[in-house]
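Asks: Using only what follows, build the 3D model:
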Amino acid sequence: MTRFTSLELCAGSGAQALGLERAGFDPVMLIDNNEFACRTIALNRPGWDVRCRDLMSFDPLDEEEPDLRKVLDIDLISGGMPRIRAAAAVRRRGGDDRERALLRAAISVLMAVRPKALLLENLDGLVLSNECAEDRSWMEAELEHLGYRPFWRVLDAADFGVPQHRRSGFLVALAGSYEHRFVWPEPCTGPTPTVGQALGPSMAANGWPGAAQWAARADRPAPALVGGSDNRGGGDLGPTGTKRAWAAIGVEGASLSDTGPSADFPLDGRPRLSVRQTAILQAIPETWQIHGRKTRAYRQIGNALPPPVAEAVGRSIATALCGGRPSITS
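Replies: Numbering: from 1, shown residues only. All right, here's what the predicted structure looks like:
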């Protein structure tokens, strides 16, 4: 089994790093500016080097921080970047467009480190939207100037065994001789798990007699979870349209619960989801602890890339780095 090394930017709760670990990538360092996310990673992987700091101030060539230089000999830079908003929306809200500044910071780190591969994840709009055409253009120009070939793709988590329709946009870039070996992962065979299949046991755990009926009705994958940000959202399952989609499969999306429905919950009621249940819908394993109280924990979960998707893309990258042969056996 061939193992590789990585540097994780905007690491969040570590779900993407977990998937990449399964694919053969061991992080030399992980960076995030959210203390709750950093504590989550430290809880689950105490041996990982987690730096709770702003990516904008991270310079692996800084002579005053020589310990950062250990990232200069890695195979992959990966990152779950903050969600890019349309430039017009940024202007309307008077924002400073920090999200785009972080993208530029990630490319600057790539320029300093020069790994074999890059993996950045974002909303599907970064790949498809005309409003993000300029973003794609400058990133491609920078990458090609540095000797990398970029690959763009939108993947749905539901195609990789996750009980949720969650479309993510990916940029993968490979250096030099590796670029012709990369192939995007193929969807899993077989049906996608439904919300009922994923959450039925937890809905019945406290004796709710309506759990089986509810699970049969929740006969499709979930809509995408919306974690929100520190400034907006996080206490519910998303905007109005998303809440309607949840209601159609029997879930009350206006707020989160502390536990599953009790034995006296109405037979035909619409239960709220617990934080743990949202983690199940993200295919985050039960052993992965999330630090923080309900809203803080849910933000980390809702903003995560499901580990099976990260693993699938990571395996494709690892195969390219191994010369086109699978590097990890299932």
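Asks: After the helix or strand of the chain with the lowest mean pLDDT, which helix or strand is next?
Replies: Least confident helix or strand of the chain, by mean pLDDT, DSSP states H and E, is helix 87-93 with a mean of 56. Next along the chain after helix 87-93, taking DSSP states H and E as the criterion, comes helix 98-113.
Asks: residues of that next one that come out buried?
Replies: For helix 98-113, the neighbour count (16 or more other C-beta atoms under 10 Å) marks 99-100, 102-103, 105-110, 112-113 as buried. All C-beta atoms are positioned from the backbone trio N, CA, C, and that covers glycine.
Asks: same question, stretch 29-47
Replies: Those buried within stretch 29-47 under the rule 16+ other C-beta under 10 Å are 29-34, 36-42, 44-45.
Asks: and if you look at stretch 62-81?
Replies: Buried residues in stretch 62-81 (16+ other C-beta under 10 Å): 68, 71, 74-81.
Asks: what's the spacing between Val109 and Leu171?
Replies: 14 Å (C-beta to C-beta, to the nearest Å).
Asks: Where do the domain boundaries of this structure fall?
Replies: 4-188+304-321, 195-302 (automatic domain parsing).
Asks: mean confidence score for the shortest one?
Replies: Right, the one you point to is domain 195-302. Average pLDDT, domain 195-302: 94.
Asks: And the helix or strand where Val127 lies, what does it pack against?
Replies: Using DSSP H and E, Val127 maps to helix 125-128. In terms of contacts (3 or more C-beta pairs under 8 Å, 6 or more residues apart in numbering; DSSP states H and E), helix 125-128 is packed against helix 133-146, strand 148-156, strand 167-175.
Asks: So which of the ones you listed is nearest Leu281?
Replies: strand 148-156 (13.9 Å; C-beta to C-beta).
Asks: How about residues contacting the closest one?
Replies: 110, 118, 124, 127-128, 136, 139-140, 143-144, 165-175, 179, 182, 184-185, 309, 312-313 (C-beta atoms under 8 Å, 6 or more residues apart in numbering).
Asks: Each with direction, which strands does that strand pair with?
Replies: Paired neighbours of strand 148-156 in the sheet (DSSP bridges): strand 167-175 (antiparallel).
Asks: which residues sit against the strand it pairs with?
Replies: By C-beta under 8 Å, 6+ apart, strand 167-175 touches 114-128, 139, 143, 147-157, 181-182, 224, 305, 309, 313, 316-317, 320.
Asks: one more time with 6 Å, if that's ok
Replies: Strand 167-175 is contacted from outside by 116-124, 126-127, 143, 147-156, 182, 320, using C-beta atoms under 6 Å, 6 or more residues apart in numbering.
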